[in-house]
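Student: using only what follows, build the 3D model:
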Amino acid sequence: MFGTKAGLFVDVFLLVQLLVLPALLVAVAAVRRGKVARHARIMQVAFYAFLLSVIAFEVEVRLGPTPPVPLWILGIHLSFALPALGLWALQLVRGKQAFLDPAAHRRRGRILLALLSATVATGFWLYAATY
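Tutor: The predicted model follows:
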């Protein structure tokens, strides 16, 4: 897709990573305008799109030929990606409880946005170093 040796799902995953951050910013804008249901839907769709693309990426990488991966870059990437995925899942599960403690939900959301930004940045770095 991008003219590299990467497979289709690796490129799709890269594209989904690129689209996730703007989607999160749209979700934040929606909740600030009082559109809580829209915020929740955007976050759910973005999470499941991201999760499905991660699964497709992992299947392709595990089943196909993969160039040597710089392990130190992968380690940095995973140090952001794994906590981000866990925190995002927690945010979705506890989203209904956000009304009980909105400050904690916002605080976790800010941490999540920082983790996802670092995940995307290091994901592009890893893609450039690998493919």
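
Student: T119 and K96: what is the separation?
Tutor: 25 Å (C-beta to C-beta, to the nearest Å). (Each C-beta comes from the backbone N, C-alpha and C, glycine too.)

Student: repeat that for F57.
Tutor: To K96, F57 is 30 Å away according to C-beta to C-beta.

Student: any stretches of this structure with poor pLDDT?
Tutor: 1-4, 6 (pLDDT under 70).

Student: helix or strand right after the host helix or strand of A37?
Tutor: A37 is located in helix 36-63, with elements delineated by DSSP states H and E. Per DSSP H and E, the first helix or strand lying C-terminal to helix 36-63 is helix 71-93.

Student: which residues does that following helix contact?
Tutor: Outside helix 71-93, the residues that touch it by C-beta atoms under 8 Å, 6 or more residues apart in numbering are 43-44, 47, 50-51, 54, 105, 108-109, 111-112, 115-116, 118-119, 122-123, 125-126, 129.

Student: what subset of these is buried?
Tutor: 43, 47, 50, 54, 105, 108-109, 112, 115-116, 118-119, 122-123, 126 (16 or more other C-beta atoms under 10 Å).

Student: L14: which of those is nearest?
Tutor: When these are compared for distance to L14 (C-beta to C-beta), G123 wins out at 7.0 Å.

Student: surely the closest one meets L18?
Tutor: No - using C-beta atoms under 8 Å, G123 is not in contact with L18; the gap is 9.2 Å.

Student: measure the residue of the chain positioned farthest from its centre to P68 for me?
Tutor: The outermost residue of the chain relative to its centre, with distances by C-alpha atoms, centre = their mean, is L100 at 26.0 Å. Look at L100 and P68: by C-beta to C-beta, they are 49 Å apart.

Student: before we move on, what about I55?
Tutor: 23 Å.
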